[in-house]
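Colleague: no sequence for this one, just the structure:
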RNA sequence: GCCCCCGUAGCUCAGCGGAUAGAGCACCGGCCUCCGGAGCCGGUGGCGCAGGUUCGAGUCCUGCCGGGGGCGCCA
């Protein structure tokens, strides 16, 4: 089907283009009509014409009679467009018949999306939560519009801490260590290793020697390292399953995966004359970056001790993803503090020719999760909160709330619904705030059944499904055009037709909060419809069918929208 | 000290250079012969400060104030 807003925009663009090549109609949703085109104002200014006069000319030339009921020039030169009911009804009917609910496909890109990235032998905490949830939602949407999406979980499975972790593994004993790691007590394991490293000089020496063995590929050391990795990955899988994200073992491409390419990266950079030796380290100095003294800031590729820095790994990844995997777009869903690092990496990779024209790379950064005190979320004891504990508590709280609000629900259903609500609430809280901002974590708010929350949207969906259950009504065929006589019916219809725009604009900014805002608006608009337009008790059969169709389409959009966010929508709750 | 991000209602957040800046929570006042009241209607209340660009600025630019983060061998 053709998208409603796109149809209007295309039609207007042709007329604007005839006046001045490339002129933008600036079509926006409007408070004064269904849409408004603001482009005549700027265009009139450039041409030295009267804005209202030009707007009237454009409105007439566009001949929108088949789409619009009224086209009016208003204010200083806005073109207000009110769609005709028959056009809306036709669009809605096409949307209902469309498996993709009117969401347009995109020219397929080969997208690699790098997200989650926990560290081996370290607990997953709330800091990993946001990136995992946002990255996952973007994967779902990118796939939905037709891109080839490759997920990569760039886990921290290499580097100097592994000397200490392996030595600790030896001290604890393999069996006991595996047991400790398998129950998910990664923090204790890591802390004990750290404590030994800090307090015991002998252990410290052993750790350093072990790092050398690891880097040289010593077989026994590799075997021990592999135990740490395998046990951690098993644990990550549990967390991902609980969280309900797409990531699996197949998506793991840890830092160690690039070890064999690091020497080539250095060789290539050197060959291009981009490497400069500075204090014993080999660095790229991308222009425009300075340190606190105003001196050029280095991207350290090879450390003075001969080891590779993480910049080397990130550069190797870019080179490999573009060169071998044919990525046309690479997204890094990583926290905001690493912004400068990525800017420098992208600059260096561009200098090296590893990011040719036509390949887009972006740091999709996000803000931190804060406690009520506006500091990084911690437990009362001052520890980082484990992600699993957070999820368990959310499900517990959701179950309590459901038991209170719907005591008739059987225990099994209540349990499964509690998981959908609890996990959904946490994910939605992460997704519904502009991703670049820090956000304040608040149990009460995210689990509330009012306001812009997952439970509210899930409830709106369940309530619609219950209409069909209570009324013993079948979902109507998409054939007949809906009747849109009441204002509330028309409002709902227009809201439904905005789904494509919501998904498109979310992907344009990689900001899932756009889709969240849309779904919340749709749900509240439906409530208005539901208050004003009896569905099962509609005055005529024809109207009943029409309203059932509107209700069903709303439920489908809500469920699909939540699905794109990685959130489940139960039929009852 | 330099660089980046952020300052919108009491709180948490939307606002794509366009018309009278919107929600939710909280607070106040209404609504029930209601298909799920987990509701609906109304009210109180706001763009950190000062300049500038523009026909038009919460949005763009400059400075200041406030908060967070980064700034050479951790990732």
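Modeller: Everything's here; your move. Predicted, not measured: the structure shown is a model, and the values here were computed from it.

Colleague: can we go C-alpha only for contacts and neighbour counts from here?
Modeller: Fine.

Colleague: tell me the residue furthest from the middle of chain A?
Modeller: Going by Cα atoms, centre = their mean, the residue of chain A most distant from its centre is residue A:202, 46.0 Å out.

Colleague: any idea whether that one is helix, strand or coil?
Modeller: helix (DSSP: H, G, I helix; E, B strand; the rest coil).

Colleague: so what's the residue in chain A that RNA strand B sits nearest to up against?
Modeller: Residue of chain A nearest RNA strand B, by Cα to the nearest atom of the strand: residue A:292 (2.5 Å). By Cα atoms under 8 Å, 6 or more residues apart in numbering, residue A:292 lies in contact with nothing.

Colleague: got the phi and psi for it?
Modeller: Here is the backbone geometry of residue A:292 (degrees, to the nearest 10): phi -70, psi -20.

Colleague: one more: residue A:437?
Modeller: According to degrees, to the nearest 10, residue A:437 has phi -90, psi 150.

Colleague: how about the nearest residue to it, chain neighbours excluded?
Modeller: Nearest residue to residue A:437, sequence neighbours excluded (Cα to Cα, 6 or more residues apart in numbering): residue A:367, at 4.7 Å.

Colleague: quick check: the spatially most central residue of chain A vs residue A:245, distance?
Modeller: Chain A has residue A:134 as the residue nearest its centroid, 3.0 Å off, counting by Cα atoms, centre = their mean. In this structure, residue A:134 and residue A:245 are 10 Å apart, going by Cα to Cα, to the nearest Å.

Colleague: residue A:308 too?
Modeller: Residue A:308 is 32 Å from residue A:245, by Cα to Cα.

Colleague: and for residue A:236?
Modeller: For residue A:236 relative to residue A:245 (Cα to Cα), the value is 11 Å.

Colleague: do the same with residue A:321
Modeller: 23 Å.

Colleague: got it, and residue A:373?
Modeller: Distance from residue A:373 to residue A:245, by Cα to Cα: 29 Å.

Colleague: the more surrounded of the two?
Modeller: residue A:245 (20 against 9; other Cα atoms under 10 Å).

Colleague: how would you label the more buried one: helix, strand or coil?
Modeller: coil.

Colleague: number of residues surrounding the residue nearest to it when sequence neighbours are not counted?
Modeller: Spatially, and ignoring its direct neighbours in sequence, residue A:245 is nearest to residue A:136 (6.2 Å; Cα to Cα, 6+ apart). Neighbour count of residue A:136, defined by other Cα under 10 Å: 25.

Colleague: for whichever helix or strand residue A:136 is part of, which helices and strands make contact with it?
Modeller: Here residue A:136 is covered by helix A:126-144, with elements defined by DSSP states H and E. Judged by 3 or more Cα pairs under 8 Å, 6 or more residues apart in numbering; DSSP states H and E, the packing partners of helix A:126-144 are strand A:110-114, strand A:148-152, strand A:329-335, strand A:369-370, helix A:411-432, helix A:499-509, helix A:541-565.

Colleague: relative to helix A:499-509, how tilted is the longest one?
Modeller: For the pair helix A:541-565 and helix A:499-509, the angle between their directions (axes from the mean of the first three to the mean of the last three Cα atoms, to 10 degrees) equals 10 degrees.

Colleague: so is helix A:541-565 next to RNA strand B?
Modeller: No. Judged by Cα under 7 Å from any atom of the strand, helix A:541-565 stays clear of RNA strand B, getting no closer than 8.6 Å.

Colleague: what's next to that helix, contact-wise?
Modeller: Counting by Cα under 8 Å, 6+ apart, residues outside helix A:541-565 touching it are A:96, A:101, A:136-138, A:140-141, A:144, A:428, A:431, A:457, A:460-461, A:464-465, A:468, A:475-478, A:480-483, A:492-493, A:496, A:499, A:512, A:515, A:519, A:522-523, A:526, A:535-538, A:568-569.
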